[in-house]
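**Q** Could you work out the structure for the sequence below:
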Amino acid sequence: MLLDVLVLAAGKGTRMCSALPKVLHPLAGKPLLAHVFKSVETLDNAALNVIVGHGKTQIQEAFNQQSLNWVEQRSQLGTAHAVLQAIPFLRDDAKVLIVYGDVPLIKSVTLEKMLSGVDENAMALLTVELEDPTGYGRILRNSMGEVIGIVEQKDAAPEQLKIREVNTGVMAMTARDLKTWLPKIENNNAQQEYYLTDVIGLAKEAGRTVNTYSPQAVEEVEGVNSRAQLVALERYYQQSLAKQLLDNGATIIDPSRFDCRGELSTGQDVVIDINCIFEGTNRLGNGVSIGPNCVIKDAVMGDNVTIKANTVIEGPVTLESDVQVGPFARLRPHTVLAVGAKVGNFVETKKANIGPGSKISHLSYIGDAELGSEVNVGAGTITCNYDGVNKHLTEIGDGAFIGSNTSLVAPVAVGKNSTVGAGSTISRDVPDESLAIARGKQRTVDTWKRPEKH
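**A** Below is the predicted model of the structure:
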């Protein structure tokens with residue numbers, strides 16, 4: 001059966017106190033709305049309709065690469081009114097699933113389970129029991145346990161307020177039923193809004209069964225209405241990811257100080273210390289060790305790689321096996337470190353291929369460069385790769401030794417097994433097996449006196 005998904009994302013999010021539409025606030029590095037899309041896009045035969053209002057243009061621009069049908073709710077008159085705007089786009093022979101753009105952690109398996117309970121004789125409703133149900137609509141059941149309605153907090157009688165089973169807002173039914181029920185909903189309530197929850201009573205009047213389902217965890221259906229709620233969901237999400245990694249054989253030293261804002265896969269015996277942030281897509285091989293306070297984005301690491309404290313990796317970056325990086329290193333895009341290579345403290349690389357066993361141990365910048373195997377680069381060495389207009393390549397052959405405080409003015413090549421004397425500025429190619437020294441002649445002035453203050 002076809003599936004039409006309605007994602008309600010028209011709310012202003014006043015309590016966020018932000019110029020950014022609520023559904024664009026990030027959780028784990030992605031907008032809340034992106035998490036919802038990820039959950040519903042996996043459902044069979046799903047067509048996505050997004051109901052927007054406040055911040056419509058910003059929201060549409062954020063997702064302009066996706067195949068979505070945008071529906072505008074010009075006036076925010078309640079959830080039923082929002083869904084009513086999408087009625088022209090619903091296919092008569094489809095099931096309709098209604099979810100919310102500010103409820104980011106709903107799982108596909110929960111939605112699939114709900115949808116299995118929808119047919120011409122039944123609709124589905126997601127409910128949850130809360131220790132403190134304050135603020136939620138309460139589920140009303142008859143003596144046989146059947147759902148007969150939902151009463152909102154502001155409209156509930158004192159006895160109804162004691163009910164702990166609450167409405168999550170997530171529901172599903174046939175398009176034919178929804179099209180029949182929506183025009184019958186009125187706004188004679190405390191908020192003078194058109195409540196989507198009123199379809200439950202209309203479903204009972206029509207003789208439909210209301211099948212109820214519950215999520216695996218309450219956090220699946222928690223919405224974000226404030227920054228405090230956003231932070232709480234962020235920590236739950238991160239600790240859930242950390243648990244998955246622990247179950248897969250990695251060690252997360254402190255799951256409460258771990259952040260993955262993208263995708264992270266790990267081999268066996270990986271150790272990740274505190275306060276590390278992973279962005280983009282990262283793959284770590286077996287035996288990888290990540291020190292504290294590292295930021296790693298779009299990196300592929302082989303086995304037994306060691307990343308020391310306070311290192312920043314901005315990929316795409318590839319580190320082959322037995323590589324060492326840091327502490328306080330910065331690897332910029334298109335850096336490749338071959339087997340056994342080492343980049344040490346306060347070294348920055350960019351668009352650099354660093355060969356097997358080569359070392360850049362201290363205080364250097366290597367950009368737009370090709371280094372062979374077993375190259376040693378002394379402290380304070382820089383490749384002068386930019387002439388103000390274009391970038392130029394520096395090539396260093398196998399076994400070359402670059403003395404400390406050397407400037408390599410690109411385009412330039414240093415031959416195999418050559419040595420560059422410390423303090424040199426090299427602007428011409430250096431042949432294989434040779435020594436290059438390019439520094440001013442030292443003079444000593446015996447009669448010089450240091451200036452004195454008067």
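
**Q** other SSEs contacting the lowest-mean-pLDDT helix or strand in the chain?
**A** Across the helices and strands of the chain, the lowest-confidence element by mean pLDDT, DSSP states H and E is strand 147-151, at a mean of 91. With contacts taken as 3 or more Cβ pairs under 8 Å, 6 or more residues apart in numbering; DSSP states H and E, strand 147-151 sits against strand 138-141, helix 199-205. Glycine gets a C-beta too; all of them are placed from N, C-alpha and C.

**Q** List the buried residues for the first one?
**A** If you call a residue buried by 16 or more other Cβ atoms under 10 Å, then strand 138-141 has these buried ones: 138-140.

**Q** what's the answer for the longest one, then?
**A** Neighbour counts using 16+ other Cβ under 10 Å place 199-204 of helix 199-205 among the buried residues.

**Q** can you list those in CSV and add pLDDT and distance to Gly326?
**A** Formatted as CSV, those follow (pLDDT from 0 to 100; distance: Cβ to Cβ, whole Å):
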residue, pLDDT, distance to Gly326
Val199, 94, 58
Ile200, 93, 58
Gly201, 91, 63
Leu202, 95, 63
Ala203, 95, 61
Lys204, 93, 64
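
**Q** Now do the helices for the stretch 301-450 of the chain: every range, in order, please.
**A** With DSSP state H, counting those that start in this stretch, there are no helices along the stretch 301-450 of the chain.

**Q** Where does pLDDT dip in it?
**A** The model of the stretch 301-450 of the chain has no residue with pLDDT under 70.

**Q** Show me where the stretch 51-200 of the chain has its helices.
**A** For the stretch 51-200 of the chain, the helices defined by DSSP H, counting those that start in this stretch occupy 56-62, 79-84, 108-115, 175-181, 199-205.

**Q** Centre of the chain to the first one, how far?
**A** I take that to be helix 56-62. 19 Å (Cα atoms, centre = their mean, to the nearest Å).

**Q** Let's test this: mean pLDDT of it, rounded?
**A** The predicted model assigns helix 56-62 a mean pLDDT of 96.

**Q** just the strands in the stretch 201-350 of the chain please.
**A** For the stretch 201-350 of the chain, strands defined by DSSP state E, counting those that start in this stretch occupy the ranges 209-213, 251-252, 258-266, 271-272, 276-284, 289-290, 295-301, 306-307, 312-319, 324-325, 330-331, 335-337, 342-345, 348-354.

**Q** The ones you listed into JSON lines, with extra columns for distance to Asn405 and mean neighbour count?
**A** Compiled in JSON lines, the strands of the stretch 201-350 of the chain are given as follows (distance: least, Cβ to Cβ, whole Å; neighbours: other Cβ atoms under 10 Å):
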{"stretch": "strand 209-213", "distance to Asn405": "68", "mean neighbour count": "19"}
{"stretch": "strand 251-252", "distance to Asn405": "40", "mean neighbour count": "18"}
{"stretch": "strand 258-266", "distance to Asn405": "38", "mean neighbour count": "19"}
{"stretch": "strand 271-272", "distance to Asn405": "36", "mean neighbour count": "22"}
{"stretch": "strand 276-284", "distance to Asn405": "33", "mean neighbour count": "20"}
{"stretch": "strand 289-290", "distance to Asn405": "31", "mean neighbour count": "23"}
{"stretch": "strand 295-301", "distance to Asn405": "29", "mean neighbour count": "22"}
{"stretch": "strand 306-307", "distance to Asn405": "27", "mean neighbour count": "24"}
{"stretch": "strand 312-319", "distance to Asn405": "24", "mean neighbour count": "21"}
{"stretch": "strand 324-325", "distance to Asn405": "22", "mean neighbour count": "25"}
{"stretch": "strand 330-331", "distance to Asn405": "20", "mean neighbour count": "24"}
{"stretch": "strand 335-337", "distance to Asn405": "22", "mean neighbour count": "25"}
{"stretch": "strand 342-345", "distance to Asn405": "16", "mean neighbour count": "22"}
{"stretch": "strand 348-354", "distance to Asn405": "16", "mean neighbour count": "22"}
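
**Q** Out of those strands, which is closest to Ile59?
**A** Closest to Ile59 of the strands of the stretch 201-350 of the chain, according to Cβ to Cβ: strand 258-266, at 20.2 Å.

**Q** what residues does the closest one touch?
**A** 26, 28-30, 238-239, 241-242, 245, 248-250, 252, 272, 274, 276-284, 288, 297 (Cβ atoms under 8 Å, 6 or more residues apart in numbering).
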